[in-house]
Each structure stands twice: as C-alpha cells, then as structure tokens.
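Novice: just a sequence and a predicted model for now, questions to come.
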Amino acid sequence: SSSSSSSSSSSPSSSCPRAWITCANTLEKAGLAFISTCVTVSTSGSKKYTQRTLPPAPVDTWVVASAPARVDFAGGWSDTPPISYEYGGTVTGLAVKVDGKNPLSARCRQVSGSNKGIVLRTEGRDLDDNLLSHTEVTLHTLGDLSDFQNPLATCALLKCALVFFELVPMDTILLQDKHNIDLQPYINSFCGSQDEDVGLEIVCTSRLPRGSGMGTSSILGGCILASIGRCIGVFDAEKADDSYLTEAVLTLEQLLSTGGGWQDQVMGLIEGLKTGTSDAHVIPLQTGVHRIPLQDSVRKELDKRLILAYTGQTRLAKDILQNVLRRWARRSPDIVSTVQNLANGATHAAQAVTDGDLNQLGACVNNYWTYKKIMAGGE
C-alpha cells in the first residue's frame, strides 16, 4: 500500500508538465473546431454555393475577377472569431487601388483538347505586370488534392476553393487509400461536361509583396471563388449581395486552417469606405456592411496622404492569430477593454471621415496601432 502510494505521488511530478501541454493542445484544437462550426455552418454544404444556376462559361474562355486591396482605419481583431460573435465586431476601412490599379485577381477557364486534369498556378507580379515568381501544380488524382488544409502547400488556397465548391465530396477526400483515384470524372461533373473530358485551369495573381498586410490572401480568396463560381455556372458575384461572397471567404479560410476574420474581404471586395459589423451572440456568424459616402474633397485629400511603405517583414497571419486568440481566451481586463476600444475606435474613425477631419482620423489610426500591439502581446 505504501509502495503504491509512493509511486502514485511521484509520477505526476515528472509527467505533469508534458501532460498539461498535451491536454492544452487538445483543448485548443477542440476550441478551434468549435469556432469553425460557428463560422461555417451558414455556408458549409449549402446548395447556394454548389448548385448550378447559370450556364457555364464557354470552354477555353477565361473568367476574370479582380479586386482592390484594403486599408483598415480602426477595429481590426474585433472581426476575428470568436471575438466577433462573443463580443461583437466593428471595423472601418477602405478599398484602395495601388497606383490606380486593382492589385489582386484570379482567372479560371475550362480547357478542351489534350490538357486534362486541373492546372493551378499562383503568380507574383509587379504593378507593371512583370512576372516575379510563380508556383504551379497539376492535379490528376485525389491524392494531389489531399494537402489542401496545409497553408504552406503549393497552391493551397486554390485547392481549398475546389473543396469549397465540392469538386469532390469531403468524405471521399478523407479516404485513406485515395492517391490512385482519378479526378477526371469529378472534373467533368464539376464543369457540367457530359460528352467529353475537359480540363480546368485556375490562376491567381498578386501584385503586392508577400505579407503586405493589405488583406491579400482573403481578397484573393474572394477573387478565386468569384472566377470559379462564374466559370462553372454556380453564381455571378457581380449580382450577389454583399454578404454572399464575404461569408464564403470566411468558410474558405476555415478550410485552409488559417482562420481569420471578415474585415479583409469586407473592406476589399466591397467598394469604397464602409463600416463592417458582426453582432454578439449570433451564431452562425453574420456580417453587415454600412457604406459611408466619401466626399470628393476627402477622397482627394486621402489620396495625397495615404502612402504605402513596405517593410519587407513577412509573417503568416495564422501565427499572429493564434497568439491573439489565446490572449482573448483568458479574458483579462486589459484585453476585454482593448477589444471595446477597438470597436469604439471604428465608430470614431467613420465619423472622422464623414466629417472630413483627417487629423482626427490620423489620431484614430494612431490609437488603433497601440491597441493592436496590446492584442498581439507587443509593447
């Protein structure tokens, strides 16, 4: 009895740290899975994103979608689940062209002839359209699609878009022995081709530096969904309401496992100045957009004052997001008050622009920078 007691009392002291870490990691993964459900239940499996309602685009014809980038004046991080549905989110920002051009785009086409399979390509270009870098992969089997949830995999965002549109049912993707399953029958069905084999080609292009902090990945996701959706006849983004595409991007990013909030796509895919919102205690997460008229004189003054300076410091948003969500989970008074300040700051920034008071807007942006550093654990 005493020997047993001695053994049980010494064991926890040696194994406890590792056990606690394992337990914490498991609980964190469970929490992220719950967040994903709260975000995606409105769109996951919904026929409005997978049911063909239009004729597909003609074969060998590109469908192109382009978009501006975004700058956020105040409120970022309050848009991030679960903050956005536990506390509520408010962000004010602006869709911006860079040197007068939409810097983000995607194009999709069905391909005839001998080019079968799915060709995915990501491009980095400068604003003069010179090719700086690219990655490319061709999908022939189900196994070629299996790493879609790894954000570092080649063309991962494009792969996630195909999964989003249910190129292949999720239960089929999760099969253990899938590497030799031919994708061609799924491609033909996806493209609505009954008489002959067709291929698919999807290209996404960014004319911004990697990690620019201007919402590149989320806005590109919207461009990709818009181009594929119209190419296969599922939806026309130009005729859809504001929330249709922005909420679809939320689901896309959950598939990619990067998480993230709604501000990037709301600010970039919807033109002009606006305040985006999400209500507390509403599940599934729903976004709203209030468009703010921008006076010509204010627009011209903003054009004079807004300058982009690239630091060259890149980061994976997923890593920063993880740190912020851990701090929010603790609900420390400083974090809760900072989220409140972020949301209130978005309202103040919108009022400043409406009043044409860009000095006050500058003060809001300065406060915003301070609050964001607190959220991320910086000084």
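Specialist: Done, it's in.
Novice: mind listing the helices in the protein by residue range?
Specialist: Applying DSSP state H to the chain gives helices spanning 2-40, 83, 156-164, 170-173, 184-191, 216-232, 242-256, 263-269, 296-305, 317-330, 333-354, 358-376.
Novice: orientation of the third one relative to helix 216-232 in degrees?
Specialist: For helix 156-164 against helix 216-232, the angle between stretch directions is 40 degrees (axes from the mean of the first three to the mean of the last three CA atoms, to 10 degrees).
Novice: so, low pLDDT: which residues of the protein?
Specialist: Applying pLDDT under 70 to the predicted model, the residue ranges of the chain that meet it are 1-15, 41-48, 114-115, 176, 315-319, 378-379.
Novice: same thing but 80
Specialist: Scanning the chain with the threshold set as pLDDT under 80 gives 1-16, 32, 40-51, 113-115, 174-179, 210-211, 258-260, 313-322, 378-379.
Novice: how close does the most centrally placed residue in it get to W62?
Specialist: The geometric centre of the chain, computed from its C-alpha atoms, lies nearest to S218 (CA atoms, centre = their mean), at 3.4 Å. Taken as CB to CB, to the nearest Å, the spacing of S218 relative to W62 amounts to 23 Å. Heads up, the C-betas are built off the backbone N, CA and C, glycines and all.
Novice: same thing with S84?
Specialist: In this structure, S84 and W62 are separated by 35 Å, where distance is defined by CB to CB.
Novice: show me the contacts for the closest residue to L208 other than its chain neighbours.
Specialist: Nearest in space to L208, with sequence neighbours left out and distances taken as CB to CB, 6 or more residues apart in numbering, is P103 at 5.0 Å. P103 makes contacts with P68, A69, K97, L127, S206, R207, L208, as judged by CB atoms under 8 Å, 6 or more residues apart in numbering.
Novice: my guess is the third one contacts P68. True?
Specialist: Just to be clear, that refers to K97. Yes - with the criterion set as CB atoms under 8 Å, K97 and P68 qualify as a contacting pair; they are 5.1 Å apart.
Novice: neighbour count winner among the two?
Specialist: Set side by side, K97 and P68 give different neighbour counts by other CB atoms under 10 Å, the larger being at P68 (23 against 12).
Novice: contacting residues around that one?
Specialist: Under the criterion of CB under 8 Å, 6+ apart, the contact partners of P68 comprise A95, V96, K97, V98, N102, P103, L104, I219, G268, E271.
Novice: got the phi and psi for it?
Specialist: According to degrees, to the nearest 10, the main-chain angles of P68 amount to phi -70, psi 180.
Novice: ok, now how distant is it from M214?
Specialist: The span separating P68 from M214 equals 9 Å under the rule CB to CB.
Novice: fine by me, thanks again.
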